[in-house]
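K.L.:
Take a look and give me a structure for this.
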Amino acid sequence: MSSTQPTRIAINKLKTNPNNPRTISKDHLQKLVRSLREFPEMLEARPIVVDPDFVVLGGNMRLQAAQEVGLKEVPVYVATWDEAKAKEFVIKDNVAFGQWDWDLLANEWDSAQLNDWGMDVWYDASLEGVFEDLNESTYDPKEKEPTNTLVLEYDDDKFKEVQELIERVGGTKENAVYAALIAICYGR
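P.N.:
Okay, the predicted model is just below:
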């Protein structure tokens, strides 16, 4: 087995890493399972990284999803690193160095789809239509800057949902406004 090229290995030979510092929620695991079912090439493009004993160094969550999908074999990269380098890889493989361009995401991507793909974006389908006619601007010539008024319109049935949303974002007026702005950005 070469350590430079991925190879296909029987999934039952792979061992999850008992020292894996990452976890996955049930919801995110189900999204990853769905992703592997709909887009299996993703696993081919990003094989699971294991040590020579087939302990997973990178891809524990993908292995878990592949098992749930029922795959019998998975692409694997066998790394022949020393223990120190293997431990370093476990952490570095899970560190996100980049940052999201939230404006681009809000304008070019569908928030429900991003949510389905496992990205943590503010999206709650039950609040569809809660925020409408959100921005009215008024100008008072005595003031230096225009005054913006944020208007939240909702019927009595949505009142409890709006209260729960405000509680989820911290309960303050400022956070409620922030949540409303996020709703605007995501076309809610």
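K.L.:
Tell me the buried residues in the helix or strand harbouring L32?
P.N.:
Element membership of L32, judged by DSSP states H and E, is helix 26-38. Using 16 or more other CB atoms under 10 Å as the test for burial, helix 26-38 gives 29, 31-33, 35-36. Every residue, glycine included, has its C-beta placed from N, CA and C.
K.L.:
ranges for the helices of this protein?
P.N.:
Assigned by DSSP state H, the chain shows helices spanning 26-38, 41-45, 60-69, 83-92, 102-108, 111-116, 156-168, 173-185.
K.L.:
Report all helices and strands that the third one contacts.
P.N.:
Just to be clear, that refers to helix 60-69. helix 26-38, strand 48-50, strand 73-78 (3 or more CB pairs under 8 Å, 6 or more residues apart in numbering; DSSP states H and E).
K.L.:
I'd like to know which of these is closest to P6.
P.N.:
strand 73-78 (4.6 Å; CB to CB).
K.L.:
Can you list the strands that that closest one pairs with?
P.N.:
strand 7-10 (antiparallel), strand 48-50 (parallel) (DSSP bridges).
K.L.:
contact partners of the shortest one?
P.N.:
Residues outside strand 48-50 that contact it (CB atoms under 8 Å, 6 or more residues apart in numbering): 9, 14, 56-59, 62-63, 66, 74-79, 89, 93.
K.L.:
For it, give the mean pLDDT please.
P.N.:
Averaged over strand 48-50, pLDDT sits at 96.
K.L.:
Which PyMOL command selects the buried ones in the contacts of strand 48-50?
P.N.:
Remark: buried members of the contacts of strand 48-50, expressed as a PyMOL selection using 16+ other CB under 10 Å:
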select buried, resi 9+14+56+57+58+59+62+63+66+74+75+76+77+78+79+89
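K.L.:
how about low-confidence regions in this protein?
P.N.:
1-4, 97, 120-188 (pLDDT under 70).
K.L.:
domains for it, by residue range?
P.N.:
7-92, 102-185 (automatic domain parsing).
K.L.:
Isn't R22 up against M61?
P.N.:
Yes: R22 lies in contact with M61 (CB atoms under 8 Å); the separation is 7.0 Å.
K.L.:
between the two, which one's more packed in?
P.N.:
Remark: of R22 and M61, M61 carries more neighbours, 20 against 12, as counted by other CB atoms under 10 Å.
K.L.:
and the more buried one, what does it touch?
P.N.:
Neighbouring residues of M61 by CB under 8 Å, 6+ apart: 22, 24, 28-29, 32.
K.L.:
now it: how far from N107?
P.N.:
29 Å (CB to CB, to the nearest Å).
K.L.:
thinking again about what came up before, how about the strands paired with strand 73-78 in a markdown table, adding distance to G118?
P.N.:
Output for these, formatted as a markdown table (distance: least, CB to CB, whole Å):
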| stretch | distance to G118 |
| --- | --- |
| strand 7-10 | 25 |
| strand 48-50 | 17 |
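K.L.:
That'll do, ta.
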